[in-house]
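K.L.:
How does the following fold in three dimensions:
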Amino acid sequence: MIHKRIRPFNTKDTYPEQRLDNDLCQGVVAGKSIYLRGQVAQDLETRENVAVGDPAGQAEKVMANIALLLEECGAGLETICKVTVYLTDIRHREPVYRVLGRWMKGVYPVFTGLVVVALARPEWLVEVDIIAELP
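P.N.:
Residues are numbered from 1 along each chain as shown. Predicted structure coming up:
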């Protein structure tokens, strides 16, 4: 089976300061399963960071990215099964979960929330990865 790769990229372009050279993509469609890379508050076209210092604003951009990528995979938010949320501060949980809950109202996915020391860039406060199914 050949998997469909969504938005392939190389880390040397995304993280030039880290001197990495990994071939990755934003999403993989494997059979009927969709796996999205952890999404952060970064514009998918320009790589510009969005809502620096604002956890709710970052969550909005994260969910917009997720909605766009799922659409590119042939699915929608209603197909989300599993959500993993990474926060850099437990105090961000309430504002972030309010945004995620609004975007996923009526979907009823399973959630795992983690507080981590840091994400790949210090300005990122929240990262969300998704597993979904094609309709």
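
K.L.:
So which residue is smack in the middle of the protein?
P.N.:
residue 39 (2.1 Å; C-alpha atoms, centre = their mean).

K.L.:
For that one, which residues are in contact?
P.N.:
Contact analysis of residue 39 by C-beta atoms under 8 Å, 6 or more residues apart in numbering lists 62, 65, 66, 69, 127, 128, 129, 130. The C-beta positions use only the backbone N, C-alpha and C, and glycine is treated the same way.

K.L.:
Out of those residues, who's the most crowded?
P.N.:
Neighbour tally across these (other C-beta atoms under 10 Å): the maximum, 29 neighbours, falls on residue 62.

K.L.:
and that residue, that one's in a helix?
P.N.:
Yes. Under DSSP: H, G, I helix; E, B strand; the rest coil, residue 62 falls within a helix.

K.L.:
right, and it touches residue 130 too?
P.N.:
No. Counting by C-beta atoms under 8 Å, residue 62 sits too far from residue 130 to count as a contact (9.9 Å).

K.L.:
Relative to residue 2, how far out is the residue nearest to the centre of the chain?
P.N.:
Distance, residue 39 to residue 2, using C-beta to C-beta, to the nearest Å: 24 Å.

K.L.:
Tell me the gap between stretch 52-70 and the middle of its chain.
P.N.:
Its chain's average C-alpha position is 8 Å from that of stretch 52-70, according to C-alpha atoms, centre = their mean, to the nearest Å.

K.L.:
cool, stretch 104-122 as well?
P.N.:
The answer for stretch 104-122 is 9 Å, by C-alpha atoms, centre = their mean.

K.L.:
looking at this, residue 58 is in a strand?
P.N.:
No. In this structure, residue 58 is helix, not part of a strand, as judged by three-state DSSP.

K.L.:
In contact with the nearest residue to it once chain neighbours are set aside, which residues?
P.N.:
In this structure, residue 58 finds its nearest non-sequential neighbour in residue 41, 3.5 Å apart by C-beta to C-beta, 6 or more residues apart in numbering. Applying C-beta under 8 Å, 6+ apart to residue 41 gives the contacts 49, 50, 51, 52, 57, 58, 59, 61, 62, 124, 125, 126.

K.L.:
shaky segments in the chain?
P.N.:
Under the criterion pLDDT under 70, the flagged ranges of the chain are 1.
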